[in-house]
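Enquirer: coords please:
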Amino acid sequence: MRVRAVIFDLDGTLVDSRKDIALAVNRTLKDLGLSPLPEKTIVGFIGGGVEPLVKSFLGPENSHRLEEALGLYKRHYSEVCTLNTTLYPGVKETLEYLQQVHIPVALATNKALSFTCKIIEHLGIDGYFSVVLGPEHVQNRKPHPEIVYIICDKLKVLPEETLFVGDSELDVECGKNAGVYTCAVTYGYTSLEKLVQSEPDFLLCSLSKLSLLIS
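Expert: Purely as a prediction, here's the structure:
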């Protein structure tokens, strides 16, 4: 495998943002006069972006309150998105390694760009990324391959020279749709069973092992 660029997902791959997302969700539900949800339930809603997340925690019986809930959630999450969010072990070391071997790194996320930039700047990893793309940059969100195609074009690499690293079957599907190598990490928000079923090219239990794939 010849890799000339690496694309990362954010939530569940580079950062553990579960507590802050759950906090913002439950503050939103409280404002709406609705019952709170367990963190484990909320984690199952993460990955598709803000609107799918809000639709999921509202449920069909409260779908008529979507716009109100979206506004509340965005305000609450903006206030707490860096409160408890941390880097997973090995993330900074891996980004440093890729920088040292001159492999450009990009970020492809369904999280709104304002939240993404705030988080990566707070955690001190923003300087490692040559390209950062969110849902504002595409017409079709992951698992559509559009975001990967744009990144490859910006980095001037071919899909077959690119590795996409994520924590969900959505990320694996996106990578496969784009024709890039796919790597799923098992410590994120998706069960090992689902990841195995998605058939990524590689599975890693720790991001620090990534250097072994491209050394």
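Enquirer: the residue located most distally from the centre of the chain: what's it in contact with?
Expert: The centre of the chain is farthest from one residue, residue 33, which by C-alpha atoms, centre = their mean lies 29.5 Å away. By C-beta atoms under 8 Å, 6 or more residues apart in numbering, no residues touch residue 33. Every residue, glycine included, has its C-beta placed from N, CA and C.
Enquirer: same check on residue 13?
Expert: Shown in contact with residue 13 (C-beta under 8 Å, 6+ apart): 88, 165, 166, 167, 171, 185, 188, 207.
Enquirer: quick one: which two of those are the most distant?
Expert: 88 and 171 (14.8 Å; C-beta to C-beta).
Enquirer: show me which of these two is the more surrounded one.
Expert: A direct count of neighbours by other C-beta atoms under 10 Å for residue 88 and residue 171 places residue 171 higher, at 32 against 19.
Enquirer: quick one, phi/psi of the residue nearest to residue 103 when sequence neighbours are not counted?
Expert: Once flanking residues are discounted, residue 103 sits nearest to residue 6: 6.0 Å by C-beta to C-beta, 6 or more residues apart in numbering. As for residue 6, its main-chain torsions (degrees, to the nearest 10) stand at phi -130, psi 130.
Enquirer: wait, residue 6 touches residue 98, no?
Expert: Yes - the pair residue 6 and residue 98 passes the contact test of C-beta atoms under 8 Å, sitting 6.0 Å apart.
Enquirer: now do the shared contacts for those two.
Expert: Common contact partners of residue 6 and residue 98 (C-beta under 8 Å, 6+ apart): 104, 105.
Enquirer: looking at the two, which is more packed in?
Expert: residue 6 (23 against 20).
Enquirer: tell me what that one is bridged to.
Expert: For residue 6, the beta-bridge partners under DSSP bridges are residue 105, residue 163.
Enquirer: for it, give me its contacts.
Expert: 98, 103, 104, 105, 106, 162, 163, 164, 165, 210, 214.
Enquirer: give me that answer again for 10 Å
Expert: Neighbour list for residue 6: 94-95, 98, 103-106, 155, 162-165, 180-181, 183, 210, 213-214 [criterion: C-beta atoms under 10 Å, 6 or more residues apart in numbering].
Enquirer: ok, how many other residues are close to residue 127?
Expert: Neighbour count for residue 127, taken as other C-beta under 10 Å: 9.
Enquirer: so what does residue 203 look like in phi/psi?
Expert: Per-residue torsions, residue 203: phi -120, psi 130 (degrees, to the nearest 10).
Enquirer: for the spatially closest residue to it that is not a sequence neighbour, name its beta-bridge partners.
Expert: Spatial nearest neighbour of residue 203, chain neighbours left out: residue 184 (5.5 Å); criterion: C-beta to C-beta, 6+ apart. Beta bridges link residue 184 to residue 166, residue 203 when assigned by DSSP bridges.
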